[in-house]
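Colleague: sequence-free structure coming up:
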């Protein structure tokens, strides 16, 4: 009798474990509704905010003055708008789209390159190619984190007293 109960219990547990493993955890969750206009607008705002933050972080790394940075920011914004137009356009083959993107990269920043130094031009080409690392924190954020850590340590010391 004990063996039968043990076997049934083991069988029950193994079936549950097998059923849980069959789910694909890497698959996107299945939603029962299509995104609403508010969801789409919210997502677009988040994308625009992230793009502005990304461009601002890039501009901080340049050695240009504020006027040159503002002009470059406008060129970058128009570059991304034209890039979106290319991606939404219909091409018969992906090579045509790739060629259009290469032409856009080559010709869009020609006027700006005359205003900037060689080091900034190299940074700009890396930025356009997607090689700019946005995860490197500016010095201001590092200082804020250090201050917060010190404050937490001070708070812990005062709690002990």
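Modeller: Ah, there it is. Just so we're clear, the structure is a prediction, and the values are computed from it rather than from any experiment.

Colleague: buried residues in stretch 117-126?
Modeller: Residues of stretch 117-126 classed as buried: 120, 123-124 (neighbour count, 16 or more other Cβ atoms under 10 Å). C-betas here are computed from N, CA, C, even on glycine.

Colleague: with distance to residue 101, secondary structure and pLDDT as added columns, please give the residues you listed in a markdown table.
Modeller: Below are the buried residues of stretch 117-126 laid out as a markdown table (distance: Cβ to Cβ, whole Å; DSSP: H, G, I helix; E, B strand; the rest coil; pLDDT from 0 to 100):
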| residue | distance to residue 101 | secondary structure | pLDDT |
| --- | --- | --- | --- |
| 120 | 22 | helix | 88 |
| 123 | 20 | helix | 90 |
| 124 | 16 | helix | 88 |
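
Colleague: for residue 89, state which of these is nearest.
Modeller: Of all these, residue 89 sits closest to residue 124, with 24.6 Å by Cβ to Cβ.

Colleague: okay, now the residue nearest to the closest one when sequence neighbours are not counted: neighbour count?
Modeller: Spatial nearest neighbour of residue 124, chain neighbours left out: residue 109 (6.4 Å); criterion: Cβ to Cβ, 6 or more residues apart in numbering. By the criterion of other Cβ atoms under 10 Å, residue 109 has 19 neighbours.
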